[in-house]
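A.B. asks: structure for the following, please:
(2 chains)
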Protein chains: 2
Amino acid sequence: MRVKTEAKRDAILAAASQVFRDSGFEGASMGEIASRVGGSKATLYGYFGSKEELFVAAMHEEASKEFEPVFATLNNKVDNLRETLQACGEKVLAFLCSPDRIQTRRAIIAESGRSDIGKRFYELGPKVGFQNIADFLDRQMAQGNLRRSDPLLAAIQLSALLECETVMPLTLGVEEKFSRPQIRQAVERAVKTFLAAYCVEAPTVGGHEGA
Amino acid sequence: MRVKTEAKRDAILAAASQVFRDSGFEGASMGEIASRVGGSKATLYGYFGSKEELFVAAMHEEASKEFEPVFATLNNKVDNLRETLQACGEKVLAFLCSPDRIQTRRAIIAESGRSDIGKRFYELGPKVGFQNIADFLDRQMAQGNLRRSDPLLAAIQLSALLECETVMPLTLGVEEKFSRPQIRQAVERAVKTFLAAYCVEAPTVGGHEGA
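C.D. replies: Down below sits the predicted model:
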C-alpha cells in the first residue's frame, strides 16, 4: 500500500468539491473524481472509505476554510459585542447563502433519510460551530455582557435567528439570492432580537417606540 | 369530461398522502395513486396537472387539518400570551417533528433544486402560517402586550426559535424523535427567549439570576 500524503488528500478534496458541485451527491461518481485527481478509484478509497465519507469531508473542508477566521475573531478580545456579532454573522450568513452551499444543504438533507450522512455532516459542521459560538457567549456571560444562561442554547437560538430570513427561502427556492446589503440587514435584525433577549442592558425589540 | 367532485378530490389526496409517505416523492407513481383511488391516470390528471402539484396539494391538505384549529385559537381572545404561545407552539412543533413530516420536508427540499415545488409548498404552507402568526402578534402589539415592531419579522423569528432545537436535528437524522415532554420544554425555551425580546414587561433570558 502506498503512503498517504496530505497533499494528495487535499487534491482529492478539491476535485471532489468540484464534482459534487457540478453533479450533486447522487450524480457524482468516484470514478470521475479519481480521474480528475489523476489516480485510480482504489487510491481514492485508500483515503476515503465511501462516497458519503468523501462528500462529508469535502463539505467540511470548504466550510472550515471559511469559518476558521470567524471563530478566531471570536477568540479575540471583544470591544463591542454587537459589532462582533454583526461582523461574524455577516460572514457566516454570506457563506451559508451562497448558491453552492444551498445546493449542498439540499443534497445532504435529501440523503439524510437514507444514510447517516446528515448526522456525520452535523457532527463535523453545525455542532462544532454551535460549540464555538457557545464558548464565546459563555465568556460574554462571565464578563457580565450577557445574562447568565445556557450558552449552547443561546448559540443555537442565535444561529436560528441569523438564518431564518434567508437560508430557508433559498433552500426552498422561494428566493434566488440575497445581496450583501440584504444579508447585512437580516443580520442586524437577528442580532437586535438576540441582544434584546440576552443582553443585560439592551432594550426589547422596538423598545425605542414605547409600548 | 366528467364532472369533478370534492369527494373524489379528497379521496385522491388521501391516497396520494399514503403513497408519497410510503414511497417518497421520487418513488411515488401517478399510476399507483390512481389505482388506489380506483380510477385512471387520466382522471387523476383531470384533478391535478402534475405529480408535483398533487404532492404539494396533499402536503397542504395534511398540514391544514392540523393547523386550522391552532390558527382558530389565535383568533380568540387571549388571557395569557405566554400560555397561548406555549399551547400553540407545542401543537405546531409536535406536527412538524412527526416522522412523516420530517420525511416530507426532506423530499420537498431535495426537489427544490430541480423544480418550483419548494416555492409552491412555501406559498401554501409556511407563508400562510407566518401571516397567521403575524396577524396574531400584530393584535398583541396593538393591545400593548408586545412592543410595536414588524409583526411578520416577529412571526418568522418566533417560528425559527420554536424549530431550532428539534426540526433541524430530526431533518439531518441526528435525532430520531423527541418526546412530548422534550417538545414542551423546547417550546418553553423558545417562548421565553421570544418574550424576553418582544414583551413589554418580560425580563431578559436568565434575568432572574442577575448579571
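A.B. asks: for the helix or strand that contains A:E52, buried residues please.
C.D. replies: Using DSSP states H and E, A:E52 sits within helix A:51-75. Within helix A:51-75, the residues that count as buried by 16 or more other C-beta atoms under 10 Å in any protein chain shown are A:51-52, A:54-63, A:67, A:70-71, A:74. In short, each C-beta sits where N, CA and C put it, glycine included.
A.B. asks: just for chain A, where's the confidence low?
C.D. replies: Along chain A, the parts satisfying pLDDT under 70 run over A:1-2, A:201-211.
A.B. asks: what about the helix holding A:E52 and chain B, touching?
C.D. replies: No - taking C-beta under 8 Å from any C-beta of the partner chain as the criterion, helix A:51-75 and chain B are apart, separated by no less than 11.5 Å.
A.B. asks: what packs against that helix?
C.D. replies: Applying 3 or more C-beta pairs under 8 Å, 6 or more residues apart in numbering or on different chains; DSSP states H and E, we find helix A:51-75 packed against helix A:6-27, helix A:30-37, helix A:81-96, helix A:99-112, helix A:117-124, helix A:126-142.
A.B. asks: quick one, that helix and helix A:117-124 angle?
C.D. replies: 30 degrees (axes from the mean of the first three to the mean of the last three C-alpha atoms, to 10 degrees).
A.B. asks: hmm, who's touching helix A:51-75?
C.D. replies: A:12-13, A:16-17, A:20, A:25, A:28, A:30, A:33, A:44, A:47-48, A:84, A:87-88, A:91-92, A:95, A:104, A:107-108, A:111, A:115-117, A:120-121, A:124-125, A:129, A:132-133, A:135-136 (C-beta atoms under 8 Å, 6 or more residues apart in numbering or on different chains).
A.B. asks: what subset of those is also close to chain B?
C.D. replies: Among these, proximity to chain B is found for A:A107, A:I108, A:D116, A:F121 (C-beta under 8 Å from any C-beta).
A.B. asks: please pick the buried ones from the contacts of helix A:51-75.
C.D. replies: A:12-13, A:16-17, A:20, A:25, A:28, A:30, A:33, A:44, A:47-48, A:84, A:88, A:91-92, A:95, A:104, A:107-108, A:111, A:116-117, A:120-121, A:124-125, A:129, A:132-133, A:135-136.
A.B. asks: now the end-to-end length of stretch A:173-185.
C.D. replies: End-to-end distance for stretch A:173-185: 20 Å, by C-alpha to C-alpha, to the nearest Å.
A.B. asks: domains in chain A, by residue range?
C.D. replies: A:1-49, A:51-209 (automatic domain parsing).
A.B. asks: closest one to B:R148 among those domains?
C.D. replies: domain A:51-209 (5.0 Å; C-beta to C-beta).
A.B. asks: distance between stretch A:73-85 and the chain's centre?
C.D. replies: Its chain's average C-alpha position is 19 Å from that of stretch A:73-85, according to C-alpha atoms, centre = their mean, to the nearest Å.
A.B. asks: for stretch A:61-81, that is, sorry about that
C.D. replies: How far stretch A:61-81 lies from its chain's middle: 12 Å, per C-alpha atoms, centre = their mean.
A.B. asks: one more: stretch A:110-119?
C.D. replies: Distance of stretch A:110-119 from the chain centroid (C-alpha atoms, centre = their mean) equals 17 Å.
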